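Engineer: Using only what follows, build the 3D model:
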Amino acid sequence: MASLYFHCITNPQEHLLGRPLFESRESQKTPLLQGLYCNPRVSEFRNPSGGLLHGKREGRLRISACIATDAAERTSVANGVGVDLGFDRSSRGVMEAERKYFLRNYARTPVVFVKGEGCKLYDVEGKEYLDLTAGIAVNALGHGDPAWLKAVTEQAATLTHVSNVFHTVPQVKLAKRLVESSFADKVFFANSGTEANEAAIKFARKYQQTLRSAKEENATEFISFTNSFHGRTMGALALTSKEKYRTPFEPVMPGVKFVEFGNVEATKKAVQSGKTAAIFVEPVQGEGGIYSATRDFLKELRTLCDAAGALLVFDEVQCGLGRTGYLWAHQMYDVQPDIMTLAKPLAGGLPIGAVLLTDKVAGTIGPGDHGSTFAGGPLVCHAALAVLDRIQAPGFLESVTSKGHYLKSLLTEKLGKNAHVKEIRGSGLLVGVELDVPAARMVDAALRAGLLILTAGKGRRFYQLTEQAHK
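Structural biologist: I've put the predicted structure just below:
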């Protein structure tokens, strides 16, 4: 190898991005840094010869992770395409390979991204895009946040996975943090939003079973609402209102009633003591079209559940964790659930889900009632702690609120007089624009202009902006 090229993560105070570069090139067959070596026991690079290492003379720098490649590959590594993939690395080549090898279950946008920084994304040709999708409300801190990156690389170099047969420190620290920051007494970890909702379904069923005597019929039914989206696995799918998602896979889980979102009287008629196990509701609907519940509606749901012995489940997979300007969206309404499900932004881009429960529900769940091999691993939990550190830092949520107001005012100024714009709505940085024409053409035009937005709601007549809240 002609040279070594090291990507190293050190104290971010020592380098703006926490990504100093160390190089050892040969000059007339004599290495410039003859004494550069690594002690694998302590993961240190040392340069006793006194040569400069990215501005550091002598001393030691702790290394969390590194790669070694030929110097000729340096540029391509930095661009994310530094290896021979076996196919053309242009956008067209990647998309053709995707069609050949990947299941055709996604209607993908015709762009191939290789790099992200802050709220910007870059495709394989180097074109820059402003990302207002945030990975569908996942990248709350943007792309490549230094504190998040440091947490991930540190934990990856320490301990990644051991399964839930054993205890791990990051998992306990994250559970403690979530409990102390919410209504909950206990936490269960999953790998995604749909998994979190599947767990909530099981927990509600088990809770109801525990309450009833052997002679009584268990309450097993659920209530969900129009425009709802709770996931694509069979239980969560049964709670999702769009028929196009459910129909190809029927019969899905039986016993689900759909009620008009926000309709108190219709909900009263649907709830039945001894039959209704739980009500699932998104305080702010995302996929359904950025519809916010009212305080009166959620308070009435709380009252109905208490009277019928049912559980109130808030799905905050998309609207939770600061997206609305509140840590939890339901804090806007001063109503507390029995169970809350989380996912998307919790680990800043790594797969995680969580179910937060009160003791009255958690007390009915025992060993073997539910579980997951990967859920709550050290890597994702340590990443989630870094995300919470940022979201809960002084002034962060206030900045989300102020940015949301600015975004809506700007959209109103630019689009408000357009005859096709029916409403601009949302909370914090979960914002949408309702049109009276299909939104797909606008989304395509925005893509060509270097702007990434999403469609949502009925008939693709709505586009959604879920901007990153990073500073």
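Engineer: And residue 185, what's its pLDDT?
Structural biologist: The confidence metric pLDDT takes the value 98 at residue 185.
Engineer: where exactly do the strands run in the stretch 251-400 of the chain?
Structural biologist: 256-259, 276-281, 284-285, 291-292, 311-315, 339-342, 353-357 (DSSP state E, counting those that start in this stretch).
Engineer: Could you save those as CSV and add columns showing mean neighbour count and mean pLDDT?
Structural biologist: Just so you know, the C-beta spots here come from the backbone N, C-alpha and C atoms, and that holds for glycine as well. Shown next, in CSV, are the strands of the stretch 251-400 of the chain (neighbours: other C-beta atoms under 10 Å; pLDDT from 0 to 100):
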stretch, mean neighbour count, mean pLDDT
strand 256-259, 19, 98
strand 276-281, 26, 98
strand 284-285, 25, 97
strand 291-292, 20, 96
strand 311-315, 29, 98
strand 339-342, 28, 98
strand 353-357, 28, 98
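Engineer: Any idea which of those gets closest to residue 97?
Structural biologist: Taking C-beta to C-beta, strand 353-357 is the member of the strands of the stretch 251-400 of the chain nearest to residue 97, at 30.4 Å.
Engineer: The closest one pairs with which strands, and in what direction?
Structural biologist: strand 186-190 (antiparallel), strand 339-342 (antiparallel) (DSSP bridges).
Engineer: Could I have the CA atoms of the shortest one written out in CSV?
Structural biologist: In other words, strand 339-342. Listed next in CSV are the C-alpha coordinates belonging to strand 339-342 (Å, rounded to 0.1, in the frame of the first residue of the first chain):
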residue,chain,number,x,y,z
ILE,A,339,-49.2,4.0,26.9
MET,A,340,-47.2,6.1,24.4
THR,A,341,-45.3,4.7,21.4
LEU,A,342,-42.1,6.4,20.0
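Engineer: For it, which outside residues touch it?
Structural biologist: Where contact means C-beta atoms under 8 Å, 6 or more residues apart in numbering, the residues beyond strand 339-342 that reach it are 178, 182-184, 193, 196-197, 199-200, 203-204, 278, 311-317, 320-321, 328, 330, 353-358, 361.
Engineer: Swap in 7 Å and give it another go.
Structural biologist: With contacts defined as C-beta atoms under 7 Å, 6 or more residues apart in numbering, strand 339-342 is touched by 184, 193, 196-197, 200, 203, 311, 313-317, 320-321, 353-357, 361.
Engineer: Equivalent analysis for the first one, please.
Structural biologist: Counting by C-beta under 7 Å, 6+ apart, strand 186-190 makes contact with 171, 175, 178-179, 196, 199, 352-357, 359, 362, 370, 372, 375-376, all of which sit outside it.
Engineer: and if you look at stretch 264-278?
Structural biologist: Under the criterion C-beta under 7 Å, 6+ apart, residues 204-205, 208, 217, 219-223, 257, 259-260, 297, 300-301, 304, 308-311, 313 lie in contact with stretch 264-278.
Engineer: cutoff 8 Å now
Structural biologist: For stretch 264-278, the external contacting residues (C-beta under 8 Å, 6+ apart) are 200-201, 204-205, 207-208, 216-223, 257, 259-260, 279, 296-297, 300-301, 304-305, 307-313, 338-339.
Engineer: do stretch 302-314 as well
Structural biologist: Where contact means C-beta under 8 Å, 6+ apart, the residues beyond stretch 302-314 that reach it are 200, 204, 207-208, 211, 219, 267-268, 271-274, 276-283, 301, 328-330, 335-341, 361.
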